[in-house]
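heads up, no residue letters with this:
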Ligand code: NAD
């Protein structure tokens with residue numbers, strides 16, 4: 001007998017509902033071919049929740065998430081809500097509080113290039129040498145996005161970058177453990193040459209490293225890190241960053257893979273609970289046209305099985321199903337290269353579900 005899991009499904013805005021529909025197709029197929037039983041329940045979150053409930057994160061949505069084993073999120077935001085005061089907009093009033101409320105302090109963003117897609121990467125083949133496989137581990141509930149005071153006084157505005165030893169230790173352990181299970185290499189990103197909080201960051205990460213003698217640690221300033229990522233991305237295995245640097249570098253790493261539409265992410269807390277979503281946003285420029293790439297959302301579902309349900313085998317099966325579909329030359333518009341066959345969002349989802 002398999003377990004019964006509860007998954008909260010938050011499709012969100014823009015392309016969110018379009019790509020979520022494809023992930024749910026894949027989930028149905030997983031249920032059909034395995035002994036896993038999952039119950040899904042949908043709720044409004046983001047712009048749609050502002051429209052329907054007058055707040056980005058309604059109490060009922062938060063309650064559903066807290067009562068679930070994991071959350072599968074699409075993406076939120078878009079031009080319809082950009083004229084609201086900043087503190088009421090979907091990202092500020094939805095994403096940041098949901099992470100904080102659910103205690104999701106660690107964001108894992110794998111940036112993997114499928115060998116079939118090296119031609120879709122903006123980097124030259126000779127830099128990629130047939131692939132790239134790195135993991136960005138980003139601290140998610142501290143740093144400058146959350147530091148207080150945060151205020152505006154007329155022509156003067158202020159944000160605060162604050163980290164404590166325990167916050168840095170928690171995220172460093174996640175990164176070292178991940179490196180131990182991968183190639184054993186960890187690069188910690190900071191700006192210790194000018195920021196006091198980053199001097200502490202470097203000190204604490206160096207201390208945690210003593211507990212992981214099998215992992216090779218090196219430190220890199222963020223400006224150099226941004227440059228090294230495009231110069232020689234294959235030198236990295238696990239990249240550990242604070243909240244803002246991780247936000248920026250993970251988008252940079254993701255673009256190397258060809259499209260934001262390829263990249264999943266997991267946000268984890270202390271236990272097995274997690275929130276899984278594509279690395280990209282709601283892509284208003286292509287929403288409603290049926291051309292969004294659903295692979296990031298489908299891989300996010302795969303990560304949900306791996307990290308929250310301990311089913312790495314299911315993640316592997318999903319990964320292989322995607323790889324098979326790419327092998328056959330099917331591509332959504334964002335990853336289309338000459339000689340391949342263009343399919344829409346729904347066709348891509350069906351192909352992946354069928355190849356499972
Ligand atoms: P974006 O990630 O939505 O889009 C950037 C570019 O990537 C666009 O050209 C888009 O078409 C493309 N893209 C993204 N996902 C794709 C997919 N699955 N398939 C094909 N192409 C894809 O970033 P943005 O334009 O800066 O932001 C749009 C909105 O999303 C904003 O309101 C922003 O606040 C919000 N946002 C939400 C999240 C989230 O929900 N976690 C994250 C980032 C941005």
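Everything's here; your move. All of these numbers come straight from a predicted model, not from anything done at the bench.

hey, what's the residue nearest the centre of the chain bridged with?
Centroid-nearest residue in the chain: residue 265, 2.2 Å away (criterion: C-alpha atoms, centre = their mean). On the basis of DSSP bridges, residue 265 takes part in beta bridges with residue 277.

dump the residue contacts of it.
Listed by C-beta atoms under 8 Å, 6 or more residues apart in numbering, the contact set of residue 265 reads 107, 108, 109, 250, 276, 277, 278, 279, 300, 303. From N, CA and C alone the C-beta is placed, and that goes for glycine too.

near the ligand too, which of the residues you listed?
The subset of the contacts of residue 265 within reach of the ligand, by C-beta under 6 Å from any ligand atom, is residue 277.

Let me know the closest of the contacts of residue 265 to residue 151.
Taking C-beta to C-beta as the measure, residue 151 lies nearest residue 107 of the contacts of residue 265, at 26.0 Å.

burial measure for the closest one, as a count.
Neighbours of residue 107 under the rule other C-beta atoms under 10 Å: 26.

for residue 195, same thing?
Neighbours of residue 195 (other C-beta under 10 Å): 16.

thinking it is in contact with residue 161, fair?
Yes. Contact status for residue 195 versus residue 161: in contact at 6.7 Å, counting by C-beta atoms under 8 Å.

and the protein, which of its residues are near the ligand?
15, 19, 75-78, 91, 95, 259-261, 277, 280-286, 292-293, 296, 334.

among the contacts of residue 265, which are in strands?
Cross-referencing the contacts of residue 265 against strands under DSSP state E gives 107, 108, 109, 276, 277, 278.

Most neighbours among these, which one is it?
residue 278 (31 neighbours).

Ignoring the adjacent residues along the chain, who's closest to that residue?
Leaving aside its sequence neighbours, residue 278 sits nearest to residue 296 (C-beta to C-beta, 6 or more residues apart in numbering; 3.5 Å).

Backbone dihedrals for the one you found, please?
When read as degrees, to the nearest 10, the backbone of residue 296 gives phi -60, psi -40.

if I pick residue 33, what's in contact with it?
residue 356.

Hmm, I typed the wrong one, I wanted residue 261.
Taking C-beta under 8 Å, 6+ apart, we find residue 261 in contact with 278, 280, 283, 292, 293, 294, 295, 296, 332, 334, 335.

where does the residue in the stretch 1-150 of the chain positioned nearest to the ligand land in three-state SS?
Across the stretch 1-150 of the chain, the shortest distance to the ligand (C-beta to the nearest ligand atom) belongs to residue 77, at 2.7 Å. Look at residue 77: counting by DSSP: H, G, I helix; E, B strand; the rest coil, its state is coil.

for it, phi and psi?
phi 100, psi 170.

do you know how far the nearest residue to it once chain neighbours are set aside is from residue 64?
Once flanking residues are discounted, residue 77 sits nearest to residue 90: 4.3 Å by C-beta to C-beta, 6+ apart. Per C-beta to C-beta, to the nearest Å, residue 90 is found 18 Å from residue 64.
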